[in-house]
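Engineer: here you go, sequence then predicted model.
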Protein chains: 2
Amino acid sequence: MTDIQIKHQEQRQRTVEMLKSQGLTRALFTHPNTFLWLTGFAPPAQMGVNPFNGGPSLVYVEDGHFTIIAIDNFAGGLAGLQDDPDCTLATYTGFTIENPLNATAKMLDTLAQATGGTVIGRIGVERFNLPLSIVTAMGTTAEFVALDSVMPTLREVKTAEEIALLRENFHLSDVGHAAARQAVVAGNREVDVFAAVSSAIYKEAGQFVPIGNDFIVGYRQANIGAMPDALEIRPHDSFIADISTTYGGYWSDSCATYYAESPTEKQRKLHQTVTDALDFAISLIKPGAVAGDIDAQVRDFMRKAGHVVYPHHTGHGVGVMGHEAPRIVPDNPHVLRENMVIMLEPGIYFPGETSIRLEDAVLVTADGCAVLTSHDKSI
Amino acid sequence: MTDIQIKHQEQRQRTVEMLKSQGLTRALFTHPNTFLWLTGFAPPAQMGVNPFNGGPSLVYVEDGHFTIIAIDNFAGGLAGLQDDPDCTLATYTGFTIENPLNATAKMLDTLAQATGGTVIGRIGVERFNLPLSIVTAMGTTAEFVALDSVMPTLREVKTAEEIALLRENFHLSDVGHAAARQAVVAGNREVDVFAAVSSAIYKEAGQFVPIGNDFIVGYRQANIGAMPDALEIRPHDSFIADISTTYGGYWSDSCATYYAESPTEKQRKLHQTVTDALDFAISLIKPGAVAGDIDAQVRDFMRKAGHVVYPHHTGHGVGVMGHEAPRIVPDNPHVLRENMVIMLEPGIYFPGETSIRLEDAVLVTADGCAVLTSHDKSI
């Protein structure tokens, strides 16, 4: 839906600079989120392990040149890289009738061609996502340098391409919220609200879109979040709809609280407090603000309003994961920068009775922030 | 929904026997499908990597005793193991406000407590799913013995518990097919059919259920399979609905072909041929039959009927993966055994014009097979 021809070039450029700064000429990336971030393509995840796939999709970098190693049926999704002179697509055959069952061997062969076989010396890797099979294939002369904690920090500031895709996702969750507001009526179950939300999002996107996170009535004992169950909504129940979509691999997130028929007077007051807390949180977002300070101030706002402070984060970054850096949590020294995208989600919870949470996404701008979510969060 | 108190004991017993036969006293399992098979619990997969999780869920076995290592919010799903004296649940804290970001360290600590720290000597592992971080934690004195290809063979014959869960899944895909049949009308798009199918399945299950596989109109150029897009259905178009569900981590699978308004005369004949081919395939299923022979005979049936033979497998096992052993593919010497569950799915494809596929699940019985799918596959 965007016009950009070569996908995610800036991400690869940032990676090349990072490798230089680490004194590395080579790296092999194996984390699925890194693959998505470096290529712009998200292999489908919703059904678990792909039976035809030979293993994780890989990105091998050597002297600034990227080799993308993936099963052949991902070739269409990777087409946005083919005009990049610094990128080679190396797809391997997954399934053929004649030779159906050896995709892992083909994957390792393709990797060996890219690396030239045994690796000698230092190579950057993601230790928590590098399988022993690939370690062995690279041989005992390789010296593995951990980049696990480096890659997420490179992703914090979003590119124009990513912000465009995030906006498309926030539009989809906005559509989901309109459906949720209609479906929260006495007699419906949590799962009926989810069915209405997901159907609206699938139809708007014109395709399947993985959807999360929380679809719960307020009288649950653990009423912060969960996927829907068969619990029935009763008159005056609160209902948290915390909706994520992952269109194009990037996440939206967003929360509103709806009421069957009408809220009670208590719920009405709580809703106003959470609305004020969210507005206050948004007012704190600007370049230079410190994540831990924002967290502390919003918790303090809740405390001063006379409430038990929510037992979860105040917010989080969003991108190729639903929750990523910067986390808006206590004592986090992370400093906000322009073009970060941050979720803010204060809530108030009375276990077994009612729960209210409201959440917006904001884009950090040069001198403040812009709200990216447009769902109606009023009562 | 089943009454069995301790879950998946037979699976763990089979694993203990396998380890004995390999001369192993210890193993560490890291593949998500193995975790599901050994515990009966499937961590949610549909949204990709869990941001709070410290890494893969693990099963460590030593001298016949199993230690299940997983994040604390999986504890409820693992409750079916707590009465097994041969099982210890070792959950680690994922996210707390005070200490939100070190789940991987906690996971490795929990593993070290189970193994006693450094591992000396032989230990069975899944090399394609064992991350370098865990290899390093076990130390250089460990000798890793690959069990990657062994574990799937242990899963081929299903337990009573698994067959009950597969039946629940086949019921859900049957419900999806009834909705698909209604939704395949001119003017609807592929995604509208998917929305109707998924909504019906969510409501029947009373919860979210991951759903695949193919929702495609016959005039696609590549008209074997794909997730739905925004293509519109026209009068007399064929529509393949190949529906999988994964309720409780186990898969259903099933395919039917529907027609907007009515099929053409050509489609009617093709539909009859595919019906006959599926009936013929089912007639071949019994203990002792060889997978490659079944494949050859069904392909031969298609060839004799005057058609280009389908460019995919004739069928496959189903369980914790959508496609697992025994694969019904050319030259596969696998012999069928009682209580295997096998999908059979012949089809005929005219690219860009029309495509017809029908698929049933069968349970191998003592002297033949029983069909587990009940969806209407007539025109």
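Structural biologist: Happy to help now that I have it.

Engineer: tell me the contacts of the nearest residue to residue A:217 once chain neighbours are set aside?
Structural biologist: Leaving out its chain neighbours, the residue that sits closest to residue A:217 by C-beta to C-beta, 6 or more residues apart in numbering or on different chains is residue A:237, at 5.0 Å. To be clear about C-beta, it is placed using only N, CA and C from the backbone, and glycine gets the same treatment. Taking C-beta atoms under 8 Å, 6 or more residues apart in numbering or on different chains as the contact definition, residue A:237 lies against A:186, A:217, A:218, A:219, A:259, A:260, A:354.

Engineer: give me every residue that touches residue A:60.
Structural biologist: Taking C-beta under 8 Å, 6+ apart as the criterion, residue A:60 is in contact with A:26, A:27, A:28, A:29, A:66, A:67, A:69, A:111, A:114, A:115.

Engineer: for the second one, give its distance to residue A:61.
Structural biologist: The one in question is residue A:27. In this structure, residue A:27 and residue A:61 are 5 Å apart, going by C-beta to C-beta, to the nearest Å.

Engineer: overlap of the contact sets of those two?
Structural biologist: With contacts taken as C-beta under 8 Å, 6+ apart, the residues that reach both residue A:27 and residue A:61 are A:15, A:19, A:124.

Engineer: number of nearby residues for residue A:337?
Structural biologist: Number of residues near residue A:337 (other C-beta atoms under 10 Å in any protein chain shown) recorded here: 13.

Engineer: ok, it - contacts?
Structural biologist: A:156, A:157, A:287, A:364.

Engineer: pick out the most distant pair among those.
Structural biologist: Spatial extent of those (C-beta to C-beta) is set by the pair A:156 and A:287 at 12.4 Å.

Engineer: quick check, residue A:215 in a strand?
Structural biologist: Yes - inclusion of residue A:215 in a strand is indicated when DSSP: H, G, I helix; E, B strand; the rest coil is applied.

Engineer: before we move on, what SS does the nearest residue to it once chain neighbours are set aside have?
Structural biologist: Nearest residue to residue A:215, sequence neighbours excluded (C-beta to C-beta, 6+ apart): residue A:228, at 3.8 Å. Taking three-state DSSP as the rule, one finds residue A:228 in the coil state.

Engineer: okay, residue A:228: pLDDT?
Structural biologist: Model confidence at residue A:228, expressed as pLDDT, equals 97.

Engineer: just the CA atoms of the helix or strand of chain A with the lowest mean pLDDT, as PDB, please.
Structural biologist: Within chain A, no helix or strand scores below helix A:103-115, which has a mean of 91 by mean pLDDT, DSSP states H and E. The C-alpha coordinates for helix A:103-115 follow below in PDB (Å, rounded to 0.1, in the frame of the first residue of the first chain):
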ATOM      1  CA  ALA A 103      14.100 -28.600   3.600                       C
ATOM      2  CA  THR A 104      16.400 -28.200   6.600                       C
ATOM      3  CA  ALA A 105      19.300 -29.700   4.600                       C
ATOM      4  CA  LYS A 106      18.500 -27.300   1.700                       C
ATOM      5  CA  MET A 107      18.500 -24.300   4.200                       C
ATOM      6  CA  LEU A 108      21.900 -25.300   5.600                       C
ATOM      7  CA  ASP A 109      23.300 -25.700   2.000                       C
ATOM      8  CA  THR A 110      22.000 -22.200   1.100                       C
ATOM      9  CA  LEU A 111      23.600 -20.800   4.200                       C
ATOM     10  CA  ALA A 112      26.900 -22.500   3.400                       C
ATOM     11  CA  GLN A 113      26.900 -21.000  -0.100                       C
ATOM     12  CA  ALA A 114      26.400 -17.500   1.400                       C
ATOM     13  CA  THR A 115      29.100 -17.900   4.100                       C
END
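
Engineer: what about the helix or strand that it is followed by, distance to the chain center?
Structural biologist: Scanning forward in sequence from helix A:103-115, with DSSP states H and E defining helices and strands, the next element found is strand A:121-125. Chain-centre distance of strand A:121-125: 27 Å, with C-alpha atoms, centre = their mean, to the nearest Å.

Engineer: I'd say residue A:312 and residue B:97 touch.
Structural biologist: Yes - the pair residue A:312 and residue B:97 qualifies as a contact (C-beta atoms under 8 Å) at a distance of 7.2 Å.

Engineer: the more surrounded of the two?
Structural biologist: Using other C-beta under 10 Å as the criterion, residue A:312 and residue B:97 rank with residue A:312 on top: 19 against 16.

Engineer: so is the more buried one in a helix, a strand, or just coil?
Structural biologist: Residue A:312, by the three-state scheme (three-state DSSP), is coil.

Engineer: also the one 4 residues further on?
Structural biologist: Applying three-state DSSP to residue A:316 yields a three-state assignment of strand.

Engineer: quick one: pLDDT of it?
Structural biologist: Model confidence at residue A:316, given as pLDDT, is 96.

Engineer: and if you look at residue A:223?
Structural biologist: Value for residue A:223, per-residue pLDDT: 97.

Engineer: residue A:49 too?
Structural biologist: In this model, residue A:49 is scored at 73, pLDDT.

Engineer: by neighbour count, which of the contacts of residue A:337 wins?
Structural biologist: The most neighbours, when the contacts of residue A:337 are compared by other C-beta under 10 Å, belong to residue A:364, which has 23 neighbours.

Engineer: cheers, nothing more for now.
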